[in-house]
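S.K.: Pasting a predicted model and its sequence here:
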There are 2 protein chains.
Amino acid sequence: MTERIMREGPPATGIVRNLPATVPFVAPEALERKMGRPLKLRLGANESAFGMSPKARQAMLDELERLAWYGDPESQELRAELATVHRTNTDNLIVGSGIDDLLGLIARTFIEPARTAVTSLGAYPTFNYFVAGCGGRIQPVPYRDDHNDLEALAARAIQTGARLVYLANPDNPTGTWHNANDLKDFVEQLPPNSLLLLDEAYSDFASSDILPPIDVDDSRVIRLRTFSKAHGMAGARIGFGIAASETVAVLNKIRVQFGVNRVAQAGALASLQDRDFVRGVASAVVEGRRDYQKLADDLGLTCLPSATNFVAIDMGSYERARATTEALLEQGVFVRMPGAAPLNRCIRVTVGVARDRALFGEVLSDVLAAEGSTRKQRATSAQSQL
Amino acid sequence: MTERIMREGPPATGIVRNLPATVPFVAPEALERKMGRPLKLRLGANESAFGMSPKARQAMLDELERLAWYGDPESQELRAELATVHRTNTDNLIVGSGIDDLLGLIARTFIEPARTAVTSLGAYPTFNYFVAGCGGRIQPVPYRDDHNDLEALAARAIQTGARLVYLANPDNPTGTWHNANDLKDFVEQLPPNSLLLLDEAYSDFASSDILPPIDVDDSRVIRLRTFSKAHGMAGARIGFGIAASETVAVLNKIRVQFGVNRVAQAGALASLQDRDFVRGVASAVVEGRRDYQKLADDLGLTCLPSATNFVAIDMGSYERARATTEALLEQGVFVRMPGAAPLNRCIRVTVGVARDRALFGEVLSDVLAAEGSTRKQRATSAQSQL
């Protein structure tokens, strides 16, 4: 190695240099590599064990034969179908490699150094990651009674002149929600020059009174949707945004044009046309949430209300939530804990198929029984020392 | 609509506001929509009509059954195989949704307003698009004898303190190349604090003396490779970078973690393990280039030398290249023209399978014959007016 080679590479931008090396989520595969064995149950990433529409599957099998060719960078067919379904124009729609990709694009479009973004404390870490990546500052607002605190979010947005306000409805990681009317009022309270990112990844599981009607003339809102949840296509990486055409036009100025997998586009189109499939998944998930509620009741625990494909089970304290998460992982069961207080007293468990739920119930019961006897032993041992 | 709704959305960043609405490439699908009919021959995007490895196909069919699950955001299995093939460590490798995605990431990591990037005039427009998207300034250096002018590129990099230098080798859109030794000298001439992006999308078609040995201790270079060309997986959107581990670490600070399609990862891994397939495609492409050379000879045209899966045919003038491109499109044959002089006297034609090449030969011959007779008519008519 010569001296010239030894020197460090070109300096990254000031923003990137100052960032920590971090990942928003540790992947299930990384956990498996660390443990040296595969997971038995993957209930931590809100993926859909109900799989995908057979029509989507067939469309993707067919499209795989055309994989040598670049996909349409404008996703015209998919956007046309989305426009029909959501009663918008195609120029109100933007397709990306999942909501994550779109959040990154939105951050780059609207956040520059010193600009702020408001979000609930402990909400979606990937949003915060992208805002930080653009030199923006996150203004976190605590949850209130396990709900996004709309009043406080709006107040903080006004106070800090926030350019972006991120809100998931139904919410992740709580599963709770606000109804459409409250959201409409919320938008009215936001300051001028702020844009609401309404992350509706879980909209397919929500009843219609939770989702405000789509009004693409309202340039204050971008709605984000995905094929990763109810459509069962998380691995395909495809999602979309619905917004005013001026907003879509400005995002199009800097997006990766050829970014979305061709097979994913075909699958999304076919899945969109199979409404019965998605409705069926949503019904199965309602049943699954009931099973988790019953399990919690049986174990003397409570659940947060949920309009999503997961349930946050209240373990009473951060310490117990953490011990439970670790003990479950030890048994090969992957769930997640919300990242910030007071939500980190919960474990967040994805609704799997019936067999998964039964197995989860068994393992959780065993874990808590073992924890109970350990606690009893500790208490006895502590007493005997008195 | 209330007054509040009428107002424009939140202002984009200063950089984005000042950008024009542009796309680096008009897609073949957009051309089809404009023409109102499908293309007969798609020879403009350097896709591989030779398709994909049967092993990759099978791996993707299998992986499609697991599409409900997010893919590994670290692409660990694929990176491990790439590390074996290229004799690097996994931390020298970064996987993205194609080279485009990686170019965007690299621009965001190293370009901030007022920083410059050097590239040949008329080279890859998508690179320029991403640099502009970060507020950077492109310093274009003319080609010299239809080759990247290494001396002038290095001089411009020194003169402007360029952070990034983009070079495709073998080159696109010319197909020409420099050999490995010249590239090694080129790297030595670059100023401190500049990073060479060596785009090797066409490396699978190049003989080994064109590709410098990979030295991941040299933090001055990022190599970019893709599964879109010889591997026949353009629609999958998957590519990778090879670089010093510090460079990969800094890119990882801001990349989209869950961006690459799961099926694409599985296909890339299987394709990588099927070396014979890629070698077979490369051989077939050599034969195809010979066919185009012969076609050009027959038509009294010359070709630029090519180490890629396309050939630039010299039409003698911009006007004739443009008229030919348009006349070909009228016949349903899609080829591209390089975007800047003096290369825009050429048409760039992808090597298709034998049947495609034969059809292309027929249509091009017809187009030129028609053009010739039009010219003769014009000359006659002009003469008769004298």
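M.R.: Sure, I can see it.
S.K.: ok, now which ones touch the residue nearest to A:Leu195 when sequence neighbours are not counted?
M.R.: Computed as CB to CB, 6 or more residues apart in numbering or on different chains, the closest residue to A:Leu195 that is not its neighbour in sequence is B:Pro10, at 4.3 Å. Heads up, the C-betas are built off the backbone N, CA and C, glycines and all. Counting by CB atoms under 8 Å, 6 or more residues apart in numbering or on different chains, B:Pro10 touches A:Phe110, A:Arg163, A:Leu164, A:Asn193, A:Ser194, A:Leu195, A:Arg220.
S.K.: distance between stretch A:26-39 and the chain's centre?
M.R.: 20 Å (CA atoms, centre = their mean, to the nearest Å).
S.K.: try stretch A:359-368
M.R.: 25 Å.
S.K.: before we move on, what about stretch A:244-258?
M.R.: For stretch A:244-258 - counting by CA atoms, centre = their mean - the centre lies 22 Å from the chain centre.
S.K.: pLDDT of it, averaged?
M.R.: Averaging pLDDT along stretch A:244-258 gives 97.
S.K.: close to chain B, is it?
M.R.: Yes. Stretch A:244-258 comes into contact with chain B (CB under 8 Å from any CB of the partner chain), by way of A:Ala244, A:Glu246, A:Thr247, A:Ala249, A:Val250, A:Asn252, A:Lys253, A:Ile254, A:Val256, A:Gln257, A:Phe258.
S.K.: okay if I get the contacts of B:Pro10 as JSON lines plus neighbour count, pLDDT and secondary structure?
M.R.: Below are these laid out as JSON lines (neighbours: other CB atoms under 10 Å in any protein chain shown; pLDDT from 0 to 100; DSSP: H, G, I helix; E, B strand; the rest coil):
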{"residue": "A:Phe110", "neighbour count": "28", "pLDDT": "98", "secondary structure": "helix"}
{"residue": "A:Arg163", "neighbour count": "26", "pLDDT": "97", "secondary structure": "coil"}
{"residue": "A:Leu164", "neighbour count": "27", "pLDDT": "98", "secondary structure": "strand"}
{"residue": "A:Asn193", "neighbour count": "16", "pLDDT": "92", "secondary structure": "coil"}
{"residue": "A:Ser194", "neighbour count": "23", "pLDDT": "96", "secondary structure": "coil"}
{"residue": "A:Leu195", "neighbour count": "26", "pLDDT": "97", "secondary structure": "strand"}
{"residue": "A:Arg220", "neighbour count": "23", "pLDDT": "96", "secondary structure": "coil"}
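S.K.: what's the closest of those residues to A:Ser365?
M.R.: Closest approach between these and A:Ser365, by CB to CB: A:Leu164, at 42.6 Å.
S.K.: looking at chain A, which helix or strand is least sure?
M.R.: helix A:3-6 (a mean of 42; mean pLDDT, DSSP states H and E).
S.K.: give me every residue that touches A:Pro73.
M.R.: A:Gln257, A:Phe258, A:Gly259, A:Val260, B:Val23, B:Phe25, B:Ala27, B:Glu29.
S.K.: How about A:Gly14?
M.R.: A:Gly135, B:Glu112.
S.K.: now the strands for chain A?
M.R.: Assigned by DSSP state E, chain A shows strands spanning A:41-42, A:93-96, A:116-120, A:137-141, A:164-168, A:195-199, A:221-226, A:239-242, A:302-303, A:310-314, A:333-334, A:346-350.
S.K.: Partner strands of the fourth one and their direction?
M.R.: The reference is to strand A:137-141. Strand A:137-141 pairs in its sheet with strand A:116-120 (parallel), by DSSP bridges.
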